[in-house]
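Colleague: I would like the atomic coordinates for the input below:
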Amino acid sequence: MSLMPRLWLIVPAAGQGRRMGASRPKQYLDLNGRPVLAHTLARLHRAYPQASLRLCLDEADAWFDPAWVPFVDWRRVPGGQERVDSVTRALDDLAGSAGQDDLVLVHDVARPCVHIDDLTHLLGVLQDERVGALLAAPVADTMKRADDQGRVAATESRDGLWHALTPQGFRYGMLCEALATARRAGIAVTDEASAIEALGLAPRLVAARRDNLKITHPEDLSLAALILEAQARERDAAIEE
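Modeller: Reported below is the predicted structural model:
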């Protein structure tokens, strides 16, 4: 039996994307001729073809097509009401298969533009990182705090502030412990890193490209299309060189 830790991917994709105001969940909206979900899974597969995938889908999902999954080793897992519920169910599904030190990467299905270089860099960092790591980008905009009336209450310093992106990667055993501990303590888990932080640990921030857009609002779909086209031109130019 191999002693090398395995790589597991969890992609929560059970959300309804109501802020998009569309007729179907945002992961199934058309993006340059293919569903968002298909782009995301293809991007992950290019970087991690050896990984095993757990895809979290709503049990009543009528849009999903297994042909969009490029991974050989994958399984559909019932998604939960919240992202953390979906991730927890996926981790439960891995019980008995994943080792305590196996790497688990969680990636938003609505981030189809994550760059291959960032994906491979993150995995390299995680090989020797015991606490875990996540892709992130330093905040560039001026940050305002609002009051109850929607007026500016204060201008916040952006020193040391980062946008948390995905994937976020942690050891299987530690992530299970962190999510279970947070749930028992009633801590709101906004991402996997926040659960690890609640254990008193500090995940590593891995600087990533700013074009790792999360599709949330209707205009984001057009931006994602432009980003994918620009990335394709970059890739073609690099091949020609």
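Colleague: quick one: contacts of the worst-scoring helix or strand of the chain on mean pLDDT?
Modeller: When each helix and strand of the chain is scored by mean pLDDT, DSSP states H and E, helix 218-240 comes last, with a mean of 94. Here helix 218-240 makes contact (Cβ atoms under 8 Å, 6 or more residues apart in numbering) with 20-22, 26, 29, 31-32, 36, 39, 112-113, 115, 211, 213-215. Any C-beta I mention is one placed from the backbone N, CA and C, and that applies to glycine too.
Colleague: And the furthest pair within those?
Modeller: Distance extremes for the contacts of helix 218-240: the farthest pair is Gly21 and His115 at 28.5 Å, using Cβ to Cβ.
Colleague: Tell me which of those two has more neighbours.
Modeller: Using other Cβ atoms under 10 Å as the criterion, Gly21 and His115 rank with His115 on top: 19 against 9.
Colleague: looking at it, that one is touching Leu213, isn't it?
Modeller: No: look at His115 against Leu213 with Cβ atoms under 8 Å: they stay out of range, at 11.1 Å.
Colleague: Show me where this structure has its helices.
Modeller: 36-47, 83-94, 116-126, 172-185, 192-198, 218-240 (DSSP state H).
Colleague: Buried deepest among those helices, which one?
Modeller: Mean neighbours per residue, mean count of other Cβ atoms under 10 Å, is largest over these for helix 192-198, with a mean of 23.
Colleague: Show me what that helix packs onto, helices and strands only.
Modeller: With contacts taken as 3 or more Cβ pairs under 8 Å, 6 or more residues apart in numbering; DSSP states H and E, helix 192-198 sits against strand 162-171, helix 172-185.
Colleague: So which of these is nearest Arg54?
Modeller: Counting by Cβ to Cβ, Arg54 lies closest to helix 172-185 out of the helices and strands packed on helix 192-198; the figure is 11.7 Å.
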